[in-house]
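Novice: Please find the sequence and the predicted model below.
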Amino acid sequence: MGSDEKQPVKKNSVSKNDIQRIVEFIESIQYGSIAVIIQDGKIVQIEKNEKLRMK
């Protein structure tokens, strides 16, 4: 591999808005899970499952 070869520049496929939305979901639940669905290298869906603990 010579220094003439250029590596393809990988574009960030996760936007700051997507990351912020995931962080908001994480901060908003006490018990549960967050699932991130990815298709073709892009986030297409974010699922939030919240559990309520009864005492």
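Specialist: It's in.
Novice: Quick check: closest non-adjacent residue to Asp18.
Specialist: Setting aside the residues directly before and after it, Asp18 is nearest to Ile43 in space (CB to CB, 6 or more residues apart in numbering), at 5.1 Å. (C-beta placed from N, C-alpha, C; glycine too.)
Novice: So for that neighbour, what pLDDT did the model give?
Specialist: Ile43 is assigned a pLDDT of 91 by the prediction.
Novice: Please identify the buried residues of the strand or helix carrying it?
Specialist: Take DSSP states H and E as the rule and Ile43 turns out to sit in strand 42-50. Judged by neighbour count using 16 or more other CB atoms under 10 Å, the buried positions of strand 42-50 are Ile43.
Novice: The residue nearest to Asp18 is in contact with Ile34, isn't it?
Specialist: No: no contact is recorded between Ile43 and Ile34 when judged using CB atoms under 8 Å, the distance being 11.7 Å.
Novice: Which parts of the protein are strands?
Specialist: Counting by DSSP state E, the chain has these strands, from start to end: 32-39, 42-50.
Novice: Could I get the contacting residues of Ile26?
Specialist: Under the criterion of CB atoms under 8 Å, 6 or more residues apart in numbering, the contact list for Ile26 reads Ile34.
Novice: I'd like the numbering to begin with 46 instead of 1 from here.
Specialist: New numbering, starting at 46: the last item is Ile71.
Novice: which stretches of the protein aren't confidently modelled?
Specialist: Applying pLDDT under 70 to the chain picks out residues 46-57.
Novice: what's around Ile74, how many residues?
Specialist: For Ile74, the tally of surrounding residues (other CB atoms under 10 Å) stands at 14.
Novice: dump the residue contacts of it.
Specialist: By CB under 8 Å, 6+ apart, the neighbours of Ile74 are 93, 95.
Novice: Could you measure from it over to Lys87?
Specialist: Using CB to CB, to the nearest Å, we find Ile74 at a distance of 24 Å from Lys87.
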